[in-house]
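Visitor: any chance you could fold what I've pasted below:
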Amino acid sequence: MAFGYKRGLITSFVGKTSGSILAFVLGRTLLRQVVQSQMEENETLELIDKSVARNPVKSALIVRYSVFPQLIKNYGLSMTQQVSLPIFIMAIFVHGMPFSILWAALGNDSSLRLRAGERGEVMDANVALNSALVFVTFLGFVISPIVTGWWLNDLRKEKSD
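Guide: Residues are numbered from 1 along each chain as shown. Okay, the predicted model is just below:
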């Protein structure tokens with residue numbers, strides 16, 4: 001790993017956070033008209049906007065953990081007036097920091113294993129890291145889509161009532 005664990009974590013988190021904040025601010029300012037035109041008449045985004053109006057923090061967190069592409073997450077939330085920049089940053093932190101920690105730990109562990117291999121040594125399995133990777137994979141491929149689906153389904157039911 002080029003940076004080591006601590007610098008890798010900081011660099012990764014600052015880069016991801018800065019990119020998301022930049023997209024959010026651009027979506028609110030310079031690109032507002034473009035983003036609005038791309039998102040007009042999108043039923044899902046309309047439902048999300050109504051949910052955000054009722055509970056901006058909960059909705060911002062669900063969107064951040066959803067299976068939507070980052071582009072949709074950042075620019076979509078920028079279109080909602082109730083999600084302020086501080087709420088957006090909080091959602092980025094709550095969502096992004098655990099993943100940044102995990103990816104930095106994975107990079108550091110890989111680097112240590114490569115160095116050990118060059119010396120002809122074998123390292124024991126990192127059970128905690130392997131368990132965290134299994135958990136994140138399960139979260140990303142099973143839990144996140146289910147929660148997002150339930151949330152959107154509930155929003156659709158509310159709309160039809």
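Visitor: show me where this structure has strands.
Guide: For the chain, strands defined by DSSP state E do not occur.
Visitor: low-confidence ranges in it?
Guide: For the chain, the stretches with pLDDT under 70 are 1.
Visitor: which residue ranges of it form helices?
Guide: Residue ranges of the helices in the chain, as given by DSSP state H, are 4-28, 32-39, 43-54, 56-65, 70-78, 85-118, 127-138, 144-160.
Visitor: buried residues in the shortest one?
Guide: The neighbour-count criterion (16 or more other Cβ atoms under 10 Å) identifies 35, 39 as the buried residues of helix 32-39. The way it works is simple: take the backbone N, C-alpha and C, and place the C-beta from them, glycine included.
Visitor: what's the angle from that helix to helix 70-78?
Guide: 110 degrees (axes from the mean of the first three to the mean of the last three Cα atoms, to 10 degrees).
Visitor: need the contact partners of helix 32-39.
Guide: If you take Cβ atoms under 8 Å, 6 or more residues apart in numbering as the criterion, helix 32-39 is touched by 27, 45, 75-76, 78-79.
Visitor: next, count neighbours for the spatially closest residue to Arg113 that is not a sequence neighbour.
Guide: Using Cβ to Cβ, 6 or more residues apart in numbering and skipping the chain neighbours, the partner closest in space to Arg113 is Met123 (5.5 Å). Met123: 11 surrounding residues under other Cβ atoms under 10 Å.
Visitor: you'd agree Met123 is up against Leu112?
Guide: Yes. Counting by Cβ atoms under 8 Å, Met123 touches Leu112, with 6.7 Å between them.
Visitor: count of residues packed around the closest residue to Phe68 other than its chain neighbours?
Guide: Distance criterion Cβ to Cβ, 6+ apart; nearest residue to Phe68, sequence neighbours excluded, is Gly76 at 7.3 Å. By other Cβ under 10 Å, 25 other residues sit near Gly76.
Visitor: can you give me the distance of Gly76 to Ala53?
Guide: 14 Å (Cβ to Cβ, to the nearest Å).
Visitor: quick one on the thing from earlier: Trp151 versus the residue nearest to Phe68, what's the distance?
Guide: Distance from Gly76 to Trp151, by Cβ to Cβ: 14 Å.
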